[in-house]
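Asks: I'll drop the sequence and a predicted model, then ask my questions.
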Amino acid sequence: MDLLILIKAIILGFVEGLTEFAPVSSTGHMIIVDDMWLKSETFLTVHGANTFKVVIQLGSILAVVVTFKDRFIDLLGLGRFTKKSVQKQSRLKLSQVIVGLIPAGVLGVLFNDYIDDHLFSTKTVLVGLVIGAILMILADIFGSKNPRTQTVDQVSYKQAFIVGLFQCFSLWPGFSRSGSTISGGVLMGMSHRAAADFTFIMAVPIMAGASLLSLLKNWEYMTIDALPVFIAGFISAFIFALISIRFFLKLINKIKLLPFAIYRIVLAIIIYLLFLS
């Protein structure tokens, strides 16, 4: 196994882990990385670049599970089997998470093929980056300065469903799942931290399900030769996502969404200049 390929896998895992749950669009970043690394790399092309992306995304998902492990234990009703339970204090229910998943889940099933065939292009990602940035700016401007929902335990079914509606925007590549759902939560009276917590919790089942289905479809690429690359990318994505999520959650109530919105617009300009001008 070429050491350079392993280094590239680690770098790709770094990009995935750092951007998957920040409201900056991991898709936009991966477009740049695709052109810089994947398309020029014969090994990853032969062994399935898309499969590699799915594997490293699972690393990011695992980081969320680890970060919110006590919360997931209680949501699944497993609190009685561990001392690390927040069930007595928790008001967030699994049914509320499911309510939030329904809108994007239904649209995703209905339009998945259309999205894959028609929306994964540099131009559509640029549109998603810019419009998503505008939504984030509007959320910071019009969101409550004294939100009534300070923690994820106070999220109502109505808020969960409307955040789920906002999650539908993320089906457009470049829009960003966390950017759209945190914005929706803030506009619905949540604090930025409460909206972020709910976003990350809600992301796990829908992302894990989609990733596992994609992995099953492309299982032939999981060869012995490819495993070191996939493992390196998976571990890299997991570590950097773990760092990114914890750092983001500590800062989000202070810095809010505006800095990320500005970054997205700058990223859109960079992508345009590099690939479309």
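Replies: Alright, I've got the coordinates. Numbers count the residues shown, from 1 in each chain.

Asks: ok, residue 113 - how many residues close by?
Replies: Using other C-beta atoms under 10 Å, residue 113 has 9 other residues around it. Placement of C-beta: from N, CA and C, glycine included.

Asks: and if you look at residue 56?
Replies: For residue 56, the number of neighbouring residues by other C-beta under 10 Å comes to 30.

Asks: all helices for the protein, in order.
Replies: Under the criterion DSSP state H, helices of the chain are mapped to 3-19, 26-33, 42-46, 49-67, 69-75, 94-118, 122-142, 157-167, 177-187, 192-217, 227-255, 258-271.

Asks: Now render these as TSV, adding mean pLDDT.
Replies: Compiled in TSV, the helices of the chain are given as follows (pLDDT from 0 to 100):
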stretch	mean pLDDT
helix 3-19	88
helix 26-33	79
helix 42-46	49
helix 49-67	88
helix 69-75	92
helix 94-118	89
helix 122-142	94
helix 157-167	97
helix 177-187	96
helix 192-217	89
helix 227-255	93
helix 258-271	94
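
Asks: Mean neighbour count, those: which tops it?
Replies: The highest mean neighbour count among the helices of the chain, using mean count of other C-beta atoms under 10 Å, belongs to helix 177-187: a mean of 28.

Asks: and the angle for that helix with helix 26-33?
Replies: Put simply, helix 177-187 runs at 150 degrees to helix 26-33, going by axes from the mean of the first three to the mean of the last three C-alpha atoms, to 10 degrees.

Asks: quick one, what contacts residue 28?
Replies: Neighbouring residues of residue 28 by C-beta atoms under 8 Å, 6 or more residues apart in numbering: 125, 128-129, 174, 264, 267-268, 271.

Asks: closest to residue 13 among those?
Replies: residue 267 (19.5 Å; C-beta to C-beta).

Asks: Chain neighbours aside, what residue packs nearest to the closest one?
Replies: Among residues not flanking residue 267 along the chain, residue 28 sits closest, at 5.6 Å (C-beta to C-beta, 6 or more residues apart in numbering).

Asks: go on, residue 158?
Replies: Closest residue to residue 158 in three dimensions, ignoring its sequence neighbours and counting by C-beta to C-beta, 6+ apart: residue 188, at 7.9 Å.

Asks: So what's the residue count around the one you found?
Replies: With neighbours defined by other C-beta under 10 Å, the count for residue 188 comes to 24.

Asks: any idea of the pLDDT on it?
Replies: Predicted confidence (pLDDT) for residue 188: 96.

Asks: hang on, residue 193 packs against residue 249?
Replies: Yes. The pair residue 193 and residue 249 passes the contact test of C-beta atoms under 8 Å, sitting 6.6 Å apart.

Asks: Residue 257: how many residues sit nearby?
Replies: Number of residues near residue 257 (other C-beta under 10 Å) recorded here: 27.

Asks: if I pick residue 65, what's in contact with it?
Replies: Contact analysis of residue 65 by C-beta under 8 Å, 6+ apart lists 72, 204.

Asks: roughly how far apart are it and residue 11?
Replies: Noted for residue 65: a distance of 24 Å to residue 11, by C-beta to C-beta, to the nearest Å.

Asks: With residue 66 instead?
Replies: 22 Å.

Asks: distance of residue 59 from residue 266?
Replies: From residue 59 over to residue 266 the distance is 27 Å, taken as C-beta to C-beta.

Asks: what would the contacts of residue 28 look like in a markdown table with distance to residue 162?
Replies: As requested, the contacts of residue 28 are exported to a markdown table (distance: C-beta to C-beta, whole Å):
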| residue | distance to residue 162 |
| --- | --- |
| 125 | 25 |
| 128 | 20 |
| 129 | 23 |
| 174 | 22 |
| 264 | 22 |
| 267 | 27 |
| 268 | 27 |
| 271 | 30 |
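
Asks: Pull the number of nearby residues for residue 78.
Replies: Quick note: residue 78 (other C-beta under 10 Å) scores 12 neighbours.
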